[in-house]
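Q: pasting the sequence and the predicted coordinates here, then a few questions.
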Amino acid sequence: MTNTLEAAYTIWLREMKRFLKSRSRMVGSGGQPLIWLGIIGVGLGSAFALKAGNNIPYLTFMSPGVIGMTLLFSSIFAGVSVIWDRQFGFLKEILVAPVSRLGIVLGKIAGSATIAVITALIILVVVIAIRVLPLSYLSPLGILEALLFMILTSSTFVAIGLIIAALINNIESFQVLINFLVMPMFFLSGALFPISSTLPVWLSSLSHIDPLFYAIDGMRGSLIHFSTYSVGIDAVVTLAAAALFVGIAFVLFSRIEGK
Amino acid sequence: MASKSSGRIVNAIEVKGLVKKFGSFTAVNGIFFNVKEGEIFGFLGPNGAGKTTTISMITTILSHTSGSIKIYGVEALKNKSAARQMIGIVFQDPSLDDELTAWENLDFHARLYGVKKDKKQIIERVLKLVDLEGHAKRPVKTFSGGMKRRLEIARGFIHKPKVLFLDEPTLGLDPQTRRKIWDYIMKLNREEKLTIMLTTHYLEEADLLCNRIAIIDHGKIIKSGTPESLKASLGGDVIRIGVEKKKELYNLLKGRSFVKEIKETGEGLEITATNGSKAIPQISSLAGSKRIVINQVTVKRPSLEDVFISLTGRDIREEGSDGSAGWKRFAMGARR
């Protein structure tokens, strides 16, 4: 019998191999946030001469937001991809193996999160390279903190993807999911505008139940020292969200039968 | 063909009173059977009979409602990991990662089953076993249906299971590929001494491959035995003889040990014999000794199909022929 960590490593390894084989996925997951930054960021920023507090240019403000967006999209779709594994039968091969479901869930989360975090780091390097995120803001500690936020956020959203995959059975529900879950989570996260006291209460309340809000707020705090809450509070909430959703994903996955 | 260890036949699988209900629908309704070590055991029945549901429970991926399953004495549904290590499975639908190569698929399996020692040699060996050694580095998405099935058979064998399960191993394959798959299955059984349990709704497949067969319908085993005994239970082979001197031949054959029944027909005689091919030479030498000229001989052997029809009153290929029940089963997904 294989132990949990070996099983997790095997699942992780498969995710890596699949990612490296799929060039279009690499381009897609990195390209989309840059398009948002380039068009929405430049467009809105220029049209309304937007500045965040402390005179931070809009594009700089938005940079942690598109990193959060990368993590959200890449992670949640990787989690949901279990539906495809089920559709194409491969899930049965995994479920019938003499390994614990915990190993399977951890491997899937680790694999998908690795890919999402690598993509997010590439975006970070790009925004630094094109001077949208000036080097003067950055500190090694800040980057390390941001990396921890990336890992936790990504784990949260892979887990949410796995939960969705365990609950819905067909690929057709997928579009509904994107329209009513993923896009609202992105818009409410504060990626595009600060979640501050000037917002209507209903909007700001919704943002406060969006795990991505705390993640982006935390990354903003670590990278450009501009945030609604302190980095510590954001970290605690992000960690709690990750623990909660990974836990739920594990429970739901343990109940899946290989039919 | 069951092998013996210390003088007794070992049961690889023991199933007792197994029941599976989906809501109010009973897919498997209290079945009992044993699979002996070393044999190929077949589950034969129409679509929706409960074959795959049974296999899913034995392979521990589906919970059962009641009953017990033992694999080499291990309670499979209580001790899943130990049971899973002992079995290999080829599912009805493909279960390969199409994006990965054949080798990567096998490597994934080896790692999940904790195969570390000689992993490379083992993978090479199983690929060779199904004649895929030249295709190891190709992505599975470029494989034909038959190649995928062969790869899955190879994969099911990597961790040296004690029992290999094959769920409809040749479903949807062309006749030539099917014949190839049969060869591999027989080779695994013969050369690797692997116990095999398979499900099929192809009668010729069950007849050719299986040492013993259980016929399952509506979630119940309605008859089991060797293919020969099942066919013999219908009475035996029917021999039709065209002959001028009917009366003389009738008197000559009447009461012989190899003749179970004999009657006159328009052109000659119709004889029911336990074994037609052994009876014919005897009939012809008896006729020759009395200078009776036989014009024509035909033998019809009962097929498993005849057995199935005589047991259920319908053809195995008539899917859902029993009206609403068939549809209901399909809707419940019991087939998969």
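A: That came in fine, so what should we check first? Numbers count the residues shown, from 1 in each chain, chains lettered A, B, ... in the order given.
Q: for chain B, which spans come out with low pLDDT?
A: Where chain B drops to pLDDT under 70, the residues are B:1-8, B:316-336.
Q: near chain A, which residues of it?
A: By the rule Cβ under 8 Å from any Cβ of the partner chain, the part of chain B lying against chain A is B:56, B:59-63, B:80-82, B:84-85, B:89, B:91, B:93-100, B:104, B:108-109, B:111-114, B:139, B:155, B:333, B:336. Just so you know, the C-beta spots here come from the backbone N, C-alpha and C atoms, and that holds for glycine as well.
Q: let's see that with 7 Å instead.
A: Neighbours of chain A within chain B, by Cβ under 7 Å from any Cβ of the partner chain: B:56, B:59, B:61-63, B:81, B:84-85, B:89, B:91, B:93-100, B:104, B:108, B:111-114, B:333, B:336.
Q: B:D174: neighbour count?
A: When neighbours are defined as other Cβ atoms under 10 Å in any protein chain shown, B:D174 has 12 of them.
Q: may I have whichever strand or helix holds B:I55 as CSV, with CA atoms only?
A: In this assignment (DSSP states H and E), B:I55 forms part of helix B:51-58. C-alpha atoms of helix B:51-58 as CSV (Å, rounded to 0.1, in the frame of the first residue of the first chain):
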residue,chain,number,x,y,z
LYS,B,51,-22.9,-7.2,-14.1
THR,B,52,-21.0,-3.9,-13.8
THR,B,53,-22.7,-3.1,-10.6
THR,B,54,-21.5,-6.4,-9.2
ILE,B,55,-18.0,-5.8,-10.5
SER,B,56,-18.0,-2.3,-9.0
MET,B,57,-18.8,-3.6,-5.6
ILE,B,58,-16.2,-6.4,-5.8
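Q: picking that back up, out of the residues of chain B next to chain A, name the ones that lie in helices.
A: Judged by DSSP state H, the subset of those located in helices is B:56, B:81, B:84-85, B:104, B:108, B:111-112.
Q: as a markdown table, those with neighbour count would be great.
A: Shown next, in a markdown table, are these (neighbours: other Cβ atoms under 10 Å in any protein chain shown):
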| residue | neighbour count |
| --- | --- |
| B:S56 | 28 |
| B:S81 | 14 |
| B:R84 | 25 |
| B:Q85 | 19 |
| B:E104 | 21 |
| B:F108 | 23 |
| B:R111 | 21 |
| B:L112 | 26 |
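Q: please pull up the helix or strand immediately following the helix holding B:I55.
A: strand B:66-71.
Q: list the contacts for B:I221?
A: Shown in contact with B:I221 (Cβ atoms under 7 Å, 6 or more residues apart in numbering or on different chains): B:31, B:33, B:214-215.
Q: run the last query once more with 6 Å
A: Counting by Cβ atoms under 6 Å, 6 or more residues apart in numbering or on different chains, B:I221 makes contact with B:31, B:214.
Q: is it correct that it falls within a strand?
A: Yes. With DSSP: H, G, I helix; E, B strand; the rest coil as the criterion, B:I221 is part of a strand.
Q: bridging residues for it?
A: B:I221 forms beta bridges with B:I216, as assigned by DSSP bridges.
Q: please tell me how far it sits from B:K20.
A: B:I221 is 14 Å from B:K20, where distance means Cβ to Cβ, to the nearest Å.
Q: one step back: got the angle between the helix holding B:I55 and strand B:66-71?
A: Helix B:51-58 runs at 70 degrees relative to strand B:66-71, counting by axes from the mean of the first three to the mean of the last three Cα atoms, to 10 degrees.
Q: just give me how far helix B:51-58 sits from the chain centre.
A: Relative to the centre of its chain, helix B:51-58 is centred 14 Å away, using Cα atoms, centre = their mean, to the nearest Å.
Q: for A:A52, phi and psi?
A: phi -90, psi 180 (degrees, to the nearest 10).
Q: same check, this time on B:I87
A: B:I87 adopts backbone torsions of phi -120, psi 150, taken as degrees, to the nearest 10.
Q: count the neighbours of B:A154 for me.
A: Residues near B:A154, counting by other Cβ under 10 Å: 26.
Q: list the residues that contact it.
A: Taking Cβ under 6 Å, 6+ apart as the test, what B:A154 contacts is B:126-127, B:129-130.
Q: now A:M69
A: Counting by Cβ under 6 Å, 6+ apart, A:M69 has contacts A:33, A:186, A:191.
Q: who wins for most neighbours among the residues you listed?
A: For the contacts of A:M69, the largest number of neighbours (other Cβ under 10 Å) sits with A:P33, at 29 neighbours.
Q: what's the distance between that one and chain B?
A: For A:P33, the distance to chain B (Cβ to the nearest Cβ, to the nearest Å) stands at 24 Å.
Q: which strands and helices sit next to whichever helix or strand that residue is part of?
A: Assigned by DSSP H and E, A:P33 falls within helix A:23-35. Here helix A:23-35 touches helix A:58-80, helix A:101-129, going by 3 or more Cβ pairs under 6 Å, 6 or more residues apart in numbering or on different chains; DSSP states H and E.
Q: for it, buried residues please.
A: Residues of helix A:23-35 classed as buried by neighbour count (16 or more other Cβ atoms under 10 Å in any protein chain shown): A:25, A:29-30, A:32-34.
Q: go on, stretch B:59-71?
A: Residues of stretch B:59-71 classed as buried by neighbour count (16+ other Cβ under 10 Å): B:59-62, B:64, B:67, B:69-71.
Q: what does stretch B:229-239 give?
A: Residues B:230-232, B:234, B:236-239 are the ones in stretch B:229-239 that count as buried (16+ other Cβ under 10 Å).
Q: ok now that stretch, how far from the chain's centre?
A: In this view, stretch B:229-239 has its centroid 19 Å away from the chain centroid, taken as Cα atoms, centre = their mean.
Q: ends of it, how far apart?
A: Taking Cα to Cα, to the nearest Å, stretch B:229-239 runs 19 Å from one end to the other.
Q: pull the residues that contact that stretch.
A: Residues from elsewhere that reach stretch B:229-239, judged by Cβ under 6 Å, 6+ apart: B:260, B:271-274, B:276, B:299-302, B:306-307.
Q: pull out the buried members of those residues.
A: B:271-273, B:276, B:302, B:306-307.
Q: okay, which residue is most central for chain B?
A: Closest to where the C-alpha atoms of chain B average out (Cα atoms, centre = their mean) is B:G42, at 3.1 Å.
Q: hey, what's it bridged with?
A: If you apply DSSP bridges, the partners that B:G42 bridges to are B:L198, B:I213.
Q: look up how far chain A lies from it.
A: 21 Å.
Q: what's the spacing between A:F180 and A:T153?
A: 20 Å.
Q: who's more crowded, those two?
A: A:T153 (30 against 10).
Q: OK, contacts around that one?
A: A:71, A:215.
Q: part of a strand, is it?
A: No. Counting by three-state DSSP, A:T153 falls outside a strand, being helix.
Q: low-confidence ranges in chain A?
A: Where chain A drops to pLDDT under 70, the residues are A:1-2, A:258-259.
Q: quick one: the strands in it?
A: A:51-52, A:56-57 (DSSP state E).
Q: ok, and what's touching the last one?
A: The reference is to strand A:56-57. A:F226.
Q: one step back: is it true that the residue nearest to the centre of chain B touches B:R212?
A: No. B:G42 is beyond contact range of B:R212, at 7.2 Å (criterion: Cβ atoms under 6 Å).
Q: now do stretch B:105-117: distance to the chain's middle.
A: Counting by Cα atoms, centre = their mean, stretch B:105-117 is centred 28 Å from the centre of its parent chain.
Q: just the buried residues of it, please?
A: In stretch B:105-117, counting by 16+ other Cβ under 10 Å, buried: B:105-115.
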